[in-house]
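Engineer: missing the sequence, but the structure's below:
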């Protein structure tokens, strides 16, 4: 087993998945990423973004406070 003993896993979501949870258009998610309001990883091969679930949760919590 190559990764035996590793328990750290990060759930990565697509812009479409984040948009569905937030009930917004995927372009809105991309704007949040580009403005720095939402941290994401950009995949070099296709240029698509992946957003850690923890980042989505953080954004939702911050929105709930305002």
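Structural biologist: Everything's here; your move. Bear in mind that the values here come from a model prediction, so they are computed numbers and not experimental data. Numbers count the residues shown, from 1 in each chain.
Engineer: and residue 18, what pLDDT?
Structural biologist: Per-residue pLDDT puts residue 18 at 98.
Engineer: now residue 49
Structural biologist: pLDDT recorded at residue 49 is 97.
Engineer: For it, name its beta-bridge partners.
Structural biologist: residue 42 (DSSP bridges).
Engineer: mind checking how far it is from residue 64?
Structural biologist: Per CB to CB, to the nearest Å, residue 49 is found 23 Å from residue 64. No exception for glycine: its C-beta is placed from N, CA and C like everyone else's.
Engineer: Counting neighbours, go ahead and name the busier of those two.
Structural biologist: residue 49 (21 against 7; other CB atoms under 10 Å).
Engineer: Who are the contact partners of that one?
Structural biologist: Residue 49 is in contact with 14, 15, 29, 30, 33, 40, 41, 42, 43, counting by CB atoms under 8 Å, 6 or more residues apart in numbering.
Engineer: OK, contacts around the residue nearest the centre of the chain?
Structural biologist: By CA atoms, centre = their mean, the mean C-alpha position of the chain lies nearest to residue 51, the distance being 1.8 Å. Residue 51 makes contact with 12, 13, 14, 15, 18, 29, 33, 38, 39, 40, 41, according to CB under 8 Å, 6+ apart.
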